[in-house]
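Q: coords please:
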Amino acid sequence: MAMIRYILLNKRFLIALFLINLVGTIYGFIWYESQLAITPPIFLIFVPDSPTASLFFTIFLFFFLFKKNTPYIEALAIITLFKYGVWAVVMNLLTLIVDGSLGWQGYMLMASHGAMAIQGLLYAPFYKIQRKHIFVAAVWTLHNDVIDYVFGMMPIYASLIEYRNEIGYFTFWLSMISIFIAYKLTVQKNASL
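A: Model prediction:
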């Protein structure tokens with residue numbers, strides 16, 4: 001455990017992780033470019049789910065490098081990184097099942113989003129999150145689900161469109177699980193110390 005802590009706090013590792021997340025965030029926004037082009041302006045902030053999650057974590061890393069905490073950003077990062085990391089892995093697996101094949105981009109997305117989910121959890125001991133931070137992040141996350149599945153702004157996976165209702169239901173419960181995990185790893189854990 002001490003070795004993992006040492007690595008996570010190592011300045012070179014943090015800078016590398018910051019740069020990887022920054023590049024991944026930029027790539028993610030570019031990946032959403034075609035969907036953003038057809039998105040009504042009022043919904044633009046809610047459409048690029050994964051890059052917004054990695055943006056939260058990139059902001060956290062930037063401040064963490066200078067030994068500063070940003071609890072609202074930390075809460076948004078841990079919840080959304082886990083949620084959208086797991087979500088993308090599951091959606092690509094479903095695409096593989098439905099289509100019978102998956103391009104290299106799908107496997108790359110599974111690897112990168114799996115890493116997203118893990119990295120947010122690994123830094124949980126360093127977050128300074130309280131209940132109010134979890135509450136705000138929870139409202140953001142659940143509101144995003146409403147935008148995606150009530151207003152039809154969810155990420156476009158053409159072969160999965162007929163499963164939209166089931167995916168929306170899954171996503172709601174994934175949000176609830178992500179909020180619960182974030183609470184357990186931060187607020188509740190810190191209260192027991």
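
Q: tell me which element the residue nearest to the spatial centre of the chain falls in.
A: Most central in the chain under CA atoms, centre = their mean is Leu81, positioned 2.2 Å from the mean C-alpha point. Using DSSP states H and E, Leu81 maps to helix 71-99.

Q: for that helix, packing partners?
A: Applying 3 or more CB pairs under 8 Å, 6 or more residues apart in numbering; DSSP states H and E, one finds that helix 71-99 contacts helix 49-65, helix 104-122, helix 131-149, helix 164-183. To be clear about C-beta, it is placed using only N, CA and C from the backbone, and glycine gets the same treatment.

Q: looking at the ones you listed, which is closest to Thr39?
A: helix 131-149 (10.2 Å; CB to CB).

Q: Now tell me what touches that closest one from outside.
A: Contacting residues not belonging to helix 131-149 are listed as 43, 46, 49, 71-72, 74-76, 78-80, 83, 153-155, 164-165, 167-168, 171-172, 175, 178-179, 182-183, 186-187 [CB atoms under 8 Å, 6 or more residues apart in numbering].

Q: cutoff 7 Å now
A: By CB atoms under 7 Å, 6 or more residues apart in numbering, the surrounding residues in contact with helix 131-149 are 43, 46, 49, 71-72, 74-76, 79-80, 83, 153-154, 168, 171-172, 175, 178-179, 182-183, 187.

Q: Show me how to select, in PyMOL, the buried members of the residues you listed.
A: With 16 or more other CB atoms under 10 Å as the criterion, this PyMOL line picks the buried residues out of the contacts of helix 131-149:
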select buried, resi 46+49+71+72+74+75+76+79+80+83+153+154+171+172+175+178+179+182+183+187
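
Q: Next, the contact list for the closest residue to Val98 other than its chain neighbours, please.
A: Nearest residue to Val98 in three dimensions, chain neighbours excluded: Ser159, at 5.0 Å (CB to CB, 6 or more residues apart in numbering). Going by CB under 7 Å, 6+ apart, Ser159 touches 95, 98-99.
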